[in-house]
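Chemist: predicted model and sequence below, questions to follow.
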Amino acid sequence: MSGQAGGWMWLLLNVGLVVLLAGALGYGMWSWRAKRRSPAMDRLRDRKTEELHRRPDPDEAAPLPGGKR
């Protein structure tokens, strides 16, 4: 009897664990996005992002003499 139920039990556990994992991921994403931030923190983040955008790119350094890299 237990051999016949083994296939169904395996399927049920696999589907159940996938649904549980999807629910946990969904809850985690929802709670992460629902976090409240202060306006001061938002302004600081925006200011630091602007500073990074204005910083020169180190990968675009001046070419070496003779056109070699």
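Modeler: In hand now; what should we look at?
Chemist: from now on I want contacts and neighbour counts done on CA atoms only, so please keep to that.
Modeler: Will do.
Chemist: which residues touch Ala40?
Modeler: Shown in contact with Ala40 (C-alpha atoms under 8 Å, 6 or more residues apart in numbering): no residues.
Chemist: from Thr49, how far out is it?
Modeler: Noted for Ala40: a distance of 14 Å to Thr49, by C-alpha to C-alpha, to the nearest Å.
Chemist: show me the residue at the heart of this structure, geometrically.
Modeler: Met29 (9.3 Å; C-alpha atoms, centre = their mean).
Chemist: which helix or strand contains it?
Modeler: Using DSSP states H and E, Met29 sits within helix 2-33.
Chemist: quick one: name whatever helix or strand follows that helix.
Modeler: Taking DSSP H and E, what comes next after helix 2-33 is helix 39-54.
Chemist: state the mean pLDDT of stretch 41-49.
Modeler: Summarised as a single mean, pLDDT over stretch 41-49 is 92.
Chemist: please enumerate residues in contact with that stretch?
Modeler: So stretch 41-49 is contacted by nothing (C-alpha under 8 Å, 6+ apart).
Chemist: mind listing what's buried along that stretch?
Modeler: By neighbour count on 16 or more other C-alpha atoms under 10 Å, the buried set for stretch 41-49 is empty.
Chemist: C-alpha coordinates for that stretch, CSV please?
Modeler: In CSV, the C-alpha atoms belonging to stretch 41-49 read as follows (Å, rounded to 0.1, in the frame of the first residue of the first chain):
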residue,chain,number,x,y,z
MET,A,41,17.3,59.0,3.6
ASP,A,42,15.7,59.3,0.2
ARG,A,43,17.4,62.7,-0.4
LEU,A,44,20.8,61.2,0.7
ARG,A,45,20.4,58.3,-1.6
ASP,A,46,19.5,60.6,-4.5
ARG,A,47,22.4,62.9,-3.8
LYS,A,48,24.9,60.0,-3.6
THR,A,49,23.5,58.6,-6.9
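Chemist: where's the residue nearest to the centre of the chain relative to Leu17, distance?
Modeler: Met29 is 18 Å from Leu17, by C-alpha to C-alpha.
Chemist: just to revisit the earlier point, now for the helix holding Met29, which elements pack on it?
Modeler: Packing contacts for helix 2-33, counted by 3 or more C-alpha pairs under 8 Å, 6 or more residues apart in numbering; DSSP states H and E, involve no helix or strand.
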